[in-house]
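>>> take this sequence and fold it.
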Amino acid sequence: MRFFFERDFDRELEIESGETPSEAAGVIAQDIEERIAEARAAGFAEGEASGRAAAEIDLRGACETRQAEALTALSSRLKEFVAEADMHRAKLEIELVDFALAVCERLAPEAVVHFSEPRLRDELQAGLKLVQGEGRVRVRVALDLRDRIEADIAKMAGSELAARVEVSGDAGLAAGDVRLEWDNGFMEYSFAATCDRLISALDTLAGGESRPAPFRRAAHA
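Below is the predicted model of the structure:
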(Lines give C-alpha, C1' and ligand atoms only; values in the text may rest on other atoms or scores of the structure.)
Protein backbone atom coordinates (compact mmCIF):
# COMPACT_ATOMS: atom_id res chain seq x y z
CA MET A 1 0.00 0.00 0.00
CA ARG A 2 1.29 3.46 -0.87
CA PHE A 3 0.71 6.54 1.31
CA PHE A 4 0.69 10.13 0.18
CA PHE A 5 3.26 11.01 2.83
CA GLU A 6 5.30 9.24 5.35
CA ARG A 7 6.36 10.61 8.73
CA ASP A 8 8.52 9.13 11.39
CA PHE A 9 6.94 10.52 14.49
CA ASP A 10 9.36 8.75 16.77
CA ARG A 11 12.36 10.48 15.10
CA GLU A 12 10.64 13.83 15.17
CA LEU A 13 10.09 13.42 18.92
CA GLU A 14 13.79 12.54 19.37
CA ILE A 15 14.84 15.58 17.39
CA GLU A 16 12.54 17.85 19.36
CA SER A 17 13.85 16.45 22.62
CA GLY A 18 17.48 16.94 21.38
CA GLU A 19 18.36 13.32 21.52
CA THR A 20 18.97 13.11 17.72
CA PRO A 21 20.52 16.03 15.79
CA SER A 22 18.54 17.30 12.87
CA GLU A 23 19.86 17.06 9.32
CA ALA A 24 19.60 20.86 9.00
CA ALA A 25 21.83 21.31 11.99
CA GLY A 26 24.36 18.95 10.44
CA VAL A 27 24.24 20.88 7.20
CA ILE A 28 24.82 24.17 9.01
CA ALA A 29 27.72 22.74 11.00
CA GLN A 30 29.31 21.39 7.84
CA ASP A 31 28.86 24.73 6.09
CA ILE A 32 30.50 26.51 9.02
CA GLU A 33 33.43 24.13 8.97
CA GLU A 34 33.84 24.63 5.21
CA ARG A 35 33.74 28.40 5.64
CA ILE A 36 36.29 28.18 8.45
CA ALA A 37 38.53 26.05 6.25
CA GLU A 38 38.16 28.49 3.36
CA ALA A 39 38.91 31.43 5.65
CA ARG A 40 41.95 29.60 7.03
CA ALA A 41 43.19 28.82 3.52
CA ALA A 42 42.61 32.41 2.43
CA GLY A 43 44.46 33.66 5.52
CA PHE A 44 47.37 31.35 4.79
CA ALA A 45 47.44 32.50 1.16
CA GLU A 46 47.29 36.16 2.16
CA GLY A 47 49.97 35.66 4.76
CA GLU A 48 52.16 33.85 2.25
CA ALA A 49 51.71 36.67 -0.31
CA SER A 50 52.37 39.31 2.34
CA GLY A 51 55.45 37.45 3.54
CA ARG A 52 56.72 37.06 -0.01
CA ALA A 53 56.22 40.79 -0.68
CA ALA A 54 58.00 41.69 2.56
CA ALA A 55 60.84 39.31 1.70
CA GLU A 56 61.14 40.85 -1.77
CA ILE A 57 61.27 44.34 -0.25
CA ASP A 58 63.94 43.25 2.23
CA LEU A 59 65.92 41.54 -0.53
CA ARG A 60 65.67 44.59 -2.79
CA GLY A 61 66.80 46.83 0.03
CA ALA A 62 69.72 44.54 0.80
CA CYS A 63 70.74 44.49 -2.89
CA GLU A 64 70.56 48.29 -3.11
CA THR A 65 72.64 48.58 0.07
CA ARG A 66 75.27 46.21 -1.31
CA GLN A 67 75.33 48.10 -4.62
CA ALA A 68 75.77 51.42 -2.80
CA GLU A 69 78.58 49.94 -0.70
CA ALA A 70 80.23 48.50 -3.82
CA LEU A 71 79.99 51.84 -5.65
CA THR A 72 81.45 53.66 -2.66
CA ALA A 73 84.34 51.21 -2.46
CA LEU A 74 84.89 51.41 -6.23
CA SER A 75 84.85 55.22 -6.18
CA SER A 76 87.39 55.26 -3.37
CA ARG A 77 89.63 52.78 -5.22
CA LEU A 78 89.37 54.80 -8.44
CA LYS A 79 90.47 57.93 -6.58
CA GLU A 80 93.43 56.03 -5.18
CA PHE A 81 94.27 54.67 -8.63
CA VAL A 82 94.14 58.15 -10.21
CA ALA A 83 96.30 59.58 -7.42
CA GLU A 84 98.82 56.75 -7.84
CA ALA A 85 98.86 57.25 -11.63
CA ASP A 86 99.40 61.00 -11.20
CA MET A 87 102.24 60.40 -8.76
CA HIS A 88 103.82 57.82 -11.08
CA ARG A 89 103.60 60.20 -14.05
CA ALA A 90 105.04 63.06 -11.98
CA LYS A 91 107.90 60.81 -10.89
CA LEU A 92 108.66 59.85 -14.51
CA GLU A 93 108.56 63.49 -15.62
CA ILE A 94 110.90 64.50 -12.81
CA GLU A 95 113.30 61.69 -13.60
CA LEU A 96 113.31 62.84 -17.23
CA VAL A 97 114.00 66.44 -16.20
CA ASP A 98 116.81 65.31 -13.90
CA PHE A 99 118.31 63.21 -16.67
CA ALA A 100 118.09 66.04 -19.21
CA LEU A 101 119.62 68.48 -16.73
CA ALA A 102 122.49 66.14 -15.94
CA VAL A 103 123.17 65.59 -19.66
CA CYS A 104 123.06 69.31 -20.45
CA GLU A 105 125.31 70.23 -17.53
CA ARG A 106 127.80 67.60 -18.63
CA LEU A 107 127.77 68.32 -22.36
CA ALA A 108 127.16 72.08 -22.49
CA PRO A 109 130.84 73.11 -22.11
CA GLU A 110 131.87 70.69 -24.85
CA ALA A 111 128.94 71.80 -27.03
CA VAL A 112 130.01 75.43 -26.70
CA VAL A 113 133.51 74.54 -27.87
CA HIS A 114 132.44 72.44 -30.86
CA PHE A 115 129.15 73.96 -32.00
CA SER A 116 129.25 77.64 -31.10
CA GLU A 117 130.90 78.81 -34.34
CA PRO A 118 128.67 76.75 -36.71
CA ARG A 119 125.59 78.02 -34.87
CA LEU A 120 126.93 81.57 -35.00
CA ARG A 121 127.39 81.31 -38.77
CA ASP A 122 123.82 79.96 -39.21
CA GLU A 123 122.33 82.78 -37.14
CA LEU A 124 124.46 85.42 -38.85
CA GLN A 125 123.52 84.21 -42.32
CA ALA A 126 119.82 84.24 -41.35
CA GLY A 127 120.21 87.77 -39.97
CA LEU A 128 121.95 89.04 -43.10
CA LYS A 129 119.04 87.86 -45.22
CA LEU A 130 116.77 90.12 -43.17
CA VAL A 131 118.85 93.25 -43.85
CA GLN A 132 119.32 92.97 -47.61
CA GLY A 133 117.59 96.31 -48.15
CA GLU A 134 119.40 98.17 -45.40
CA GLY A 135 122.37 100.52 -45.79
CA ARG A 136 125.52 100.02 -43.78
CA VAL A 137 125.59 96.80 -41.72
CA ARG A 138 128.02 96.18 -38.84
CA VAL A 139 128.89 92.69 -37.61
CA ARG A 140 130.66 92.19 -34.29
CA VAL A 141 132.13 88.84 -33.22
CA ALA A 142 134.82 87.54 -30.86
CA LEU A 143 138.35 88.69 -31.65
CA ASP A 144 139.61 85.25 -32.71
CA LEU A 145 136.68 84.85 -35.14
CA ARG A 146 136.91 88.20 -36.90
CA ASP A 147 139.21 87.21 -39.73
CA ARG A 148 137.40 83.95 -40.51
CA ILE A 149 133.98 85.60 -40.53
CA GLU A 150 135.21 88.51 -42.66
CA ALA A 151 136.71 86.07 -45.19
CA ASP A 152 133.38 84.25 -45.53
CA ILE A 153 131.04 87.25 -45.36
CA ALA A 154 130.60 87.40 -49.14
CA LYS A 155 129.33 83.80 -49.19
CA MET A 156 126.97 84.47 -46.30
CA ALA A 157 125.67 87.88 -47.36
CA GLY A 158 126.02 87.86 -51.13
CA SER A 159 128.30 90.12 -53.14
CA GLU A 160 125.94 93.12 -53.14
CA LEU A 161 125.42 93.24 -49.39
CA ALA A 162 128.96 92.13 -48.57
CA ALA A 163 130.26 95.47 -49.84
CA ARG A 164 128.19 97.23 -47.15
CA VAL A 165 129.08 94.88 -44.30
CA GLU A 166 131.74 95.85 -41.78
CA VAL A 167 133.13 93.04 -39.60
CA SER A 168 134.89 93.92 -36.34
CA GLY A 169 136.22 92.05 -33.33
CA ASP A 170 134.82 92.63 -29.83
CA ALA A 171 136.75 91.51 -26.78
CA GLY A 172 133.50 91.36 -24.82
CA LEU A 173 132.00 88.65 -27.01
CA ALA A 174 132.54 84.92 -26.56
CA ALA A 175 133.24 82.43 -29.36
CA GLY A 176 129.56 81.77 -30.06
CA ASP A 177 128.37 85.39 -29.77
CA VAL A 178 127.46 87.73 -32.62
CA ARG A 179 125.85 91.16 -32.82
CA LEU A 180 124.41 92.43 -36.08
CA GLU A 181 123.66 96.17 -36.26
CA TRP A 182 122.06 98.35 -38.95
CA ASP A 183 120.58 101.81 -39.08
CA ASN A 184 117.13 100.82 -37.82
CA GLY A 185 117.88 97.97 -35.44
CA PHE A 186 120.10 95.16 -34.28
CA MET A 187 120.15 91.41 -33.64
CA GLU A 188 122.09 89.45 -31.02
CA TYR A 189 122.81 85.77 -30.61
CA SER A 190 124.84 83.80 -28.07
CA PHE A 191 125.20 80.03 -28.19
CA ALA A 192 126.55 79.93 -24.64
CA ALA A 193 123.64 82.06 -23.37
CA THR A 194 121.19 79.73 -25.12
CA CYS A 195 122.76 76.75 -23.34
CA ASP A 196 122.67 78.64 -20.04
CA ARG A 197 118.97 79.46 -20.46
CA LEU A 198 118.19 75.81 -21.21
CA ILE A 199 120.10 74.61 -18.15
CA SER A 200 118.49 77.31 -16.01
CA ALA A 201 114.99 76.28 -17.13
CA LEU A 202 115.71 72.61 -16.38
CA ASP A 203 117.29 73.58 -13.07
CA THR A 204 114.15 75.53 -12.13
CA LEU A 205 112.00 72.51 -12.95
CA ALA A 206 114.31 70.23 -11.00
CA GLY A 207 114.23 72.31 -7.83
CA GLY A 208 111.07 74.36 -8.23
CA GLU A 209 108.02 74.49 -5.98
CA SER A 210 105.92 72.90 -8.74
CA ARG A 211 107.50 69.54 -8.02
CA PRO A 212 105.67 67.20 -5.64
CA ALA A 213 107.26 67.34 -2.19
CA PRO A 214 108.60 63.75 -2.21
CA PHE A 215 110.59 64.49 -5.37
CA ARG A 216 111.58 68.10 -4.72
CA ARG A 217 115.25 68.81 -4.40
CA ALA A 218 117.32 71.88 -3.71
CA ALA A 219 118.09 74.02 -6.74
CA HIS A 220 121.61 74.05 -8.07
CA ALA A 221 123.87 76.81 -6.85
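>>> residue closest to the middle of this protein?
Val82 (7.0 Å; C-alpha atoms, centre = their mean).
>>> separation between that one and Ser75?
Distance, Val82 to Ser75, by C-beta to C-beta, to the nearest Å: 11 Å. The way it works is simple: take the backbone N, C-alpha and C, and place the C-beta from them, glycine included.
>>> same thing with Ala100?
Ala100 sits at a distance of 37 Å from Ser75 (criterion: C-beta to C-beta).
>>> what's the answer for Ala154, then?
Counting by C-beta to C-beta - Ala154 and Ser75 are separated by 73 Å.
>>> the two: which is more packed in?
Comparing Ala154 with Ser75 by other C-beta atoms under 10 Å, the one with more neighbours is Ala154, at 14 against 10.
>>> what sits closest to the more buried one if chain neighbours are left out?
Leaving out its chain neighbours, the residue that sits closest to Ala154 by C-beta to C-beta, 6 or more residues apart in numbering is Ala162, at 4.1 Å.
>>> okay, now that neighbour: neighbour count?
Counted with other C-beta under 10 Å, Ala162 comes out at 17.
>>> give me the pLDDT for it.
Listed pLDDT for Ala162 reads 74.
>>> contacts for stretch 139-159 next, please.
Residues from elsewhere that reach stretch 139-159, judged by C-beta atoms under 8 Å, 6 or more residues apart in numbering: 117, 120-121, 124-125, 128, 132, 137, 162, 165-171, 173-175, 177-181.
>>> drop anything exposed from the residues you listed.
117, 120-121, 124, 128, 137, 162, 165, 167, 170, 173-175, 177-181 (16 or more other C-beta atoms under 10 Å).
>>> narrow those residues to those in helices?
Counted as lying in helices by DSSP state H, out of the buried ones among the contacts of stretch 139-159, are 117, 120-121, 124, 128, 162.
>>> for the protein, just list every one of the helices.
9-17, 23-130, 146-157, 159-162, 191-207.
>>> okay, those in a markdown table with distance to Gly185 next?
A markdown table is the format used below for those (distance: least, C-beta to C-beta, whole Å):
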| stretch | distance to Gly185 |
| --- | --- |
| helix 9-17 | 140 |
| helix 23-130 | 9 |
| helix 146-157 | 17 |
| helix 159-162 | 16 |
| helix 191-207 | 19 |
